[in-house]
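**Student:** this one's sequence-less:
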């Protein structure tokens, strides 16, 4: 009886262990599955469909369109001066917005990092811009910049920044700064809050030790604060850059891409091509190029982060 | 970071004042336009305060427009999205934080890529996807789409919170016989309560002010949210700035309330995370 | 056995009749308009018991994208408000029902003015919509600024216009013309171009565009010079609708060209002694060519209740309803009999009726039925006209680009597509 029972027991133990191992291996998938399923169903499928438009002649509302045309759109894109113009503007827009938002957000985070009376109130007040819908914010800023109804042109003239009280948004060379300023106003809270949190997690003793060792504030900032912030910086800068590159709302509302396309960015150009020229295929091709560029940027950032982390 | 001395505090308060003024001035302008009567709107546009103020815009918005309905819809959609997104993101964030598994980077990549494609291009496919399911012109459809869009960012955020909690805590609990999920639920999650608050806050605000999907997916006023309601003030021949700004000011209230509520957790909350990315 | 069956059948028939819901979409939405529409619709519902009309109001600023997305996904309405710019797109794609058979049987068809019928048949000489009104351009001017600058009467010719603009621009902080350099500015370029050229012919018989002819170039150059000589505000290079009316309301610029439906918004914000309406100034040939736009009601081919839809269209657009509707929306009537209505001899609308009765003011239809017209008007013209205003390209260059694009579009249309 015992001789027979042992192989059975062993098999039972083995079976339990097998299921245990499988359950363990499956665990991460179980945690991530709901999100993945939702994303695949709601975003991935439309995304893939949207990408396929780039290779077909898809015209809005034209049921006869939709032929496969391969790389034709990409060739058209390469030769399109409006595309390159939009690309240049996108780079200016994104780099300026992210740099200013991050820089000012970091300063604000550092300021909020010290305890002072009324800190909670100040936190609330500086968070408010984030709560305004972008469309309302765009209209509000357009109003502010318009000399007919807003004060900013007169102040800019008084400060000597502008020669006459004109609308910044009508100057082809400088119009892009209008939406950039509006974007910075709106985006500082995001960086301020996330960086503040990261700052608050840095143990105070490290600073004290460094101070005792004679390190000045700038050195402490460089050697302690920055390395601790690096991971948060990486993810927030990555995400913000991606969002801003795709964020044309403020531009469309404040300047509609003008004057003379000087504020047209890829995202607004895509919108124009899709809904004015009704050429969804071409619009999708431009979107695909933007996607590829952003992916390359993301990978570069990941590599950079890995390198930096290994060094520290 | 310790800086000593009166000068450093003076500089500190000065800079804070600059930031607060910069943040508040456009909001002040919103408020100013919202109490300016229509006939003075263009004539006295540049003044810092109109010669005559009125609350008629607020009265119109509250009593004669459909804004109470739009606010209600926005609150429902934003709150539901925040809750679901946080639930999904907590699970996913935990998964990213604690495990190395095959396909992890593919999933992370998927999450990133969905943020990179302009929404304008996928509106039409999403509409076509939701229509046969009866999810267009409904608040549910909106919640589903918003959740899908917010989960990636929320997941990365939650991941960084979990990263700050040492793995030994669950391991200890599991050695005592609890399974991982129970350890997760009973020990880890309470420690990240602050982090949950932070995620809720960001997602709520994002869903609250979203316009594109709300505009394209829903047509009836019964299912419109407040940003769509704002757009209705822009007709072909006039922009009703007074009422629009009044509605905008009113819309700040729920967000303020929400933020004040989670504020206590917020700063502490993100505190626990984001050290090790 | 038969009786209960028959009874049941009658009940079911009653039920199905009672359950008809028509989907009506309006696109040029504003709160007051929607109210008027609801009133007309309620009257229709009472006349047709068992029918319910569901009104969807789209915000105009995003109406095109939204409606196009809905239609391309199969979410089609029964009756839709069809602006002139959209007509060709939806008609050519086979979305709209041919209304000729309905018109042939309708008693009011003979009361429709010739222009209204011409407009109804704008695409393929077939009626794809029943227009409800015409929007004719005229010149709005600021009486107070005119008095300040010592100008007695609104300008009748382009030379007088330029003079008036010059005098007003000499006043500190004021400008003569509210130039629309941003989106939507095409109409002004066409009106001044045509006035200079002396005709409003867009295409030669072979389908090539006339816009590169010397007369038209002189017209656009004239307008560019208005801007370059400071007769329009410096910022107007990027002005859209909001900015031109803000400029007009605030008294920053004195003259504005707009349609009759802008009158309602202007009347709400300015007193009658502050502004006036005059016919569009004439060019050297003695003629002016104010542009005319239109909108109407269309029935979608995919609708399952076409007869009922036609009834609804009639209820919205028969002479009685049309008068009520146009009073609200500010369009000019489509019926010959309407011209007699006392409403139309009011002080403000006088300007338009003056225009209509003057043989030298020739209402001009824009070629909105050309494929690709939307891109032309909203993108190509905006970009090139801004470049011309800023001096980056010459007016001749701009006209040549326009002519090249339009020629291509016209030839595509002529070749049958």
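**Tutor:** Yes, it's here. Everything numeric in this text was worked out from a predicted model, so none of it was measured.
**Student:** domains in chain B, by residue range?
**Tutor:** What automatic domain parsing lists as the domains of chain B is B:1-54, B:65-271.
**Student:** most tightly packed of those domains?
**Tutor:** Ranked by mean neighbour count, the domains of chain B are led by domain B:65-271 with a mean of 20 (mean count of other C-beta atoms under 10 Å in any protein chain shown). For the C-beta atoms, the positions are set from N, CA and C on the backbone; glycine is no exception.
**Student:** and the gap between residue A:16 and residue C:358?
**Tutor:** From residue A:16 across to residue C:358, the span is 98 Å (C-beta to C-beta, to the nearest Å).
**Student:** quick one, which of these two is more surrounded?
**Tutor:** Neighbour count, other C-beta atoms under 10 Å in any protein chain shown: between residue A:16 and residue C:358, residue C:358 has more, with 14 against 10.
**Student:** from chain B, how far out is that one?
**Tutor:** Counting by C-beta to the nearest C-beta, to the nearest Å, the gap from residue C:358 to chain B is 26 Å.
**Student:** setting aside sequence neighbours, what's the nearest residue to that residue?
**Tutor:** Leaving out its chain neighbours, the residue that sits closest to residue C:358 by C-beta to C-beta, 6 or more residues apart in numbering or on different chains is residue C:279, at 6.2 Å.
**Student:** quick one: the least confident helix or strand in chain B by mean pLDDT to chain centroid distance?
**Tutor:** Using mean pLDDT, DSSP states H and E, the weakest-scoring helix or strand in chain B turns out to be helix B:189-191, at a mean of 75. Its chain's average C-alpha position is 22 Å from that of helix B:189-191, according to C-alpha atoms, centre = their mean, to the nearest Å.
**Student:** which residues does that helix contact?
**Tutor:** B:90, B:165, B:169, B:196, B:272 (C-beta atoms under 8 Å, 6 or more residues apart in numbering or on different chains).
**Student:** how about the domains of chain B in CSV, adding distance to residue C:85?
**Tutor:** Shown next, in CSV, are these (distance: least, C-beta to C-beta, whole Å):
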stretch, distance to residue C:85
domain B:1-54, 28
domain B:65-271, 12
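**Student:** strands of chain C, start to end?
**Tutor:** C:20-26, C:51-57, C:79-83, C:130-142, C:175-177, C:253-259, C:275-278, C:291-299, C:364-365 (DSSP state E).
**Student:** so which of these is nearest residue A:86?
**Tutor:** In terms of C-beta to C-beta, the element of the strands of chain C nearest to residue A:86 is strand C:79-83, at 28.6 Å.
**Student:** partners of the closest one, with directions?
**Tutor:** If you go by DSSP bridges, strand C:79-83 pairs up with strand C:20-26 (parallel), strand C:291-299 (antiparallel).
**Student:** the residue nearest the centre of chain C: what's its closest spatial neighbour, skipping adjacent residues?
**Tutor:** Nearest to the geometric centre of chain C sits residue C:293, at 3.0 Å (C-alpha atoms, centre = their mean). Sequence neighbours aside, residue C:135 is the residue nearest to residue C:293 in space, at 4.2 Å (criterion: C-beta to C-beta, 6+ apart).
**Student:** same check on residue C:412?
**Tutor:** In this structure, residue C:412 finds its nearest non-sequential neighbour in residue C:371, 5.9 Å apart by C-beta to C-beta, 6+ apart.
**Student:** that neighbour contacts residue C:410, doesn't it?
**Tutor:** No. With contacts defined as C-beta atoms under 8 Å, residue C:371 does not count as touching residue C:410, sitting 9.2 Å away.
**Student:** which one's more surrounded, these two?
**Tutor:** Neighbours around residue C:371 and residue C:410, counted as other C-beta under 10 Å, are more numerous at residue C:410. The numbers are 20 against 17.
**Student:** for that one, give me its contacts.
**Tutor:** Residue C:410 neighbours (C-beta under 8 Å, 6+ apart): C:203, C:207, C:208, C:209, C:367, C:370.
**Student:** let's go with 10 Å and repeat that
**Tutor:** C:202, C:203, C:204, C:206, C:207, C:208, C:209, C:367, C:370, C:371 (C-beta atoms under 10 Å, 6 or more residues apart in numbering or on different chains).
**Student:** same thing with residue A:93?
**Tutor:** Residue A:93 neighbours (C-beta under 10 Å, 6+ apart): A:86, A:176-177, A:179-180, A:183, A:244-245, A:247-248, A:250-251, A:263, A:265-268.
**Student:** do the same with residue A:185
**Tutor:** The contact partners of residue A:185, taken as C-beta under 10 Å, 6+ apart, are A:100-101, A:104, A:129-130, A:132, A:137, A:140-141, A:250, B:22-23, B:25-27.
**Student:** ok, now with 8 Å
**Tutor:** Contacts of residue A:185 were listed using C-beta under 8 Å, 6+ apart, and they are A:129, A:137, A:141, B:22, B:23, B:26.
**Student:** just residue A:135 next, same as before
**Tutor:** Residues near residue A:135 by C-beta under 8 Å, 6+ apart: A:249, A:253, B:211, B:227, B:230, B:231.
**Student:** quick one on the thing from earlier: which one of the strands paired with strand C:79-83 lies closest to residue B:78?
**Tutor:** The nearest among the strands paired with strand C:79-83, by C-beta to C-beta, is strand C:20-26 at 27.9 Å.
**Student:** got a list of contacts for the closest one?
**Tutor:** With C-beta under 8 Å, 6+ apart as the test, strand C:20-26 has contacts from C:33-34, C:37, C:41, C:50-58, C:67, C:77-81, C:305, C:308-309, C:312.
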